[in-house]
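A.B. asks: I need the structure of the sequence given here:
(one chain, ligands or ions: 1)
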Amino acid sequence: MWLLVATAVAVVGAQFTIRMMDDANAPPTAEEQALTAEEQALTAQQVARDIVTGEFSLIDHHGNAVTDEDFRGSWPLIFFGYTYCPDVCPTTLGVVSLVMDELGEDAAKVQPLFITVDPQRDTPEVMADYVAAFHPKIIGLSGSLEQVAAAAQSHRAYYVKAPVEEGAEISETEYAMDHSAYLYLMDAQGVYAHVFSPTDTVEEIAAEIREFMNK
Ligand SMILES: [Cu+2]
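C.D. replies: Below you'll find the model as predicted:
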């Protein structure tokens with residue numbers, strides 16, 4: 001092998017050497033690959049559990065101080081957004097509402113939470129009006145800038161102030177919020193279970209929630 005490598009280096013240079021050394025490793029069998037994929041999924045799940053701690057201390061839309069611990073025993077379905085959002089938030093809360101309908105009796109165990117990333121404008125009163133337009137069970141959560149930042153951090157949710165349209169100024173009252181659009185499912189112990197993407201359908205989300213709850 002080393003003689004071959006040495007020859008290769010001499011003849012065509014280092015690049016070819018690297019390729020040859022890769023080829024020397026036997027390709028993994030299908031079985032080995034399947035195991036690796038499974039291990040990878042488990043690792044990803046563990047990493048997500050370690051990273052998404054799900055802790056928060058916020059104000060609900062009735063004006064009461066609440067933390068993640070107040071929701072133990074139910075499965076929180078959490079979305080970060082803001083009420084002035086032109087598209088992603090209303091769409092997602094619409095999906096959440098349909099998921100609740102789709103879940104039927106199982107919806108009793110699910111607690112949708114909408115956490116604002118724009119507490120300057122989204123006061124508890126504003127949140128109360130907004131979530132009521134989607135589903136009676138959705139709880140809107142607001143708080144101080146620091147409380148919201150901490151809640152986002154514990155879910156690795158992302159948000160940043162942005163112009164309402166390209167080239168527009170960001171003023172005190174006129175701005176948009178760019179934000180991540182993940183829908184988190186936490187289990188009844190408050191441990192991260194899953195994250196849904198905005199492209200998942202109502203049926204897919206409801207079926208997966210059921211699967212997690214019946215595990
Ligand atoms: Cu949004």
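
A.B. asks: What residues does the chain have near the ion?
C.D. replies: With the criterion set to Cβ under 5 Å from the ion, the chain comes near the ion through Gly81, Cys85, Val88, Cys89. (Glycine included, C-beta is placed from N, CA and C.)

A.B. asks: how about the nearest residue to the third one, chain neighbours excluded?
C.D. replies: When you say that, I think you mean Val88. Excluding its sequence neighbours, the residue lying closest to Val88 (Cβ to Cβ, 6 or more residues apart in numbering) is Ala181, at 5.0 Å.

A.B. asks: what sits against the one you found?
C.D. replies: Shown in contact with Ala181 (Cβ atoms under 8 Å, 6 or more residues apart in numbering): Phe79, Gly81, Val88, Thr92, Ser197, Pro198.

A.B. asks: Quick check: PyMOL command selecting the buried ones in the residues you listed.
C.D. replies: To isolate the buried members of these in PyMOL, using 16 or more other Cβ atoms under 10 Å:
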select buried, resi 79+81+88+92
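
A.B. asks: Just the ones of the contacts of Ala181 in strands?
C.D. replies: Phe79, Gly81 (DSSP state E).

A.B. asks: which pair in the contacts of Ala181 spans the largest distance?
C.D. replies: Gly81 and Ser197 (14.5 Å; Cβ to Cβ).

A.B. asks: Got the phi and psi for the residue nearest to Val202 when sequence neighbours are not counted?
C.D. replies: Leaving aside its sequence neighbours, Val202 sits nearest to Leu98 (Cβ to Cβ, 6+ apart; 4.4 Å). Backbone torsions for Leu98, taken as degrees, to the nearest 10, come to phi -70, psi -40.

A.B. asks: With the one 3 residues further on instead?
C.D. replies: Note on Asp101: its backbone torsions stand at phi -60, psi -40 [degrees, to the nearest 10].

A.B. asks: again with Val99
C.D. replies: Here is the backbone geometry of Val99 (degrees, to the nearest 10): phi -60, psi -40.

A.B. asks: Find the residue at the geometric middle of the protein.
C.D. replies: Tyr182 (3.3 Å; Cα atoms, centre = their mean).

A.B. asks: measure that residue to the ion for me?
C.D. replies: 12 Å (Cβ to the ion, to the nearest Å).

A.B. asks: So that residue sits against Val195, correct?
C.D. replies: Yes. Tyr182 lies in contact with Val195 (Cβ atoms under 8 Å); the separation is 4.8 Å.

A.B. asks: what sits in contact with each of these two?
C.D. replies: In contact with both Tyr182 and Val195: no residue, using Cβ under 8 Å, 6+ apart.

A.B. asks: And the contacts of the longest helix along the chain?
C.D. replies: The longest helix of the chain (DSSP state H) is helix 30-51. Residues from elsewhere that reach helix 30-51, judged by Cβ under 8 Å, 6+ apart: Pro28, Arg156, Val191, Tyr192, Val195.

A.B. asks: how much space between the fourth one and Arg121?
C.D. replies: Here the distance between Tyr192 and Arg121 works out to 29 Å (Cβ to Cβ, to the nearest Å).

A.B. asks: Comparing the two, which residue is more hemmed in?
C.D. replies: Tyr192 (19 against 15; other Cβ atoms under 10 Å).

A.B. asks: Now do the contacts for that one.
C.D. replies: Ala48, Arg49, Val52, Thr53, Gly54, Tyr184, Leu185, Met186.

A.B. asks: What are the structural domain limits within the protein?
C.D. replies: Here the domain parsing of the chain from automatic domain parsing is 2-51, 57-213.
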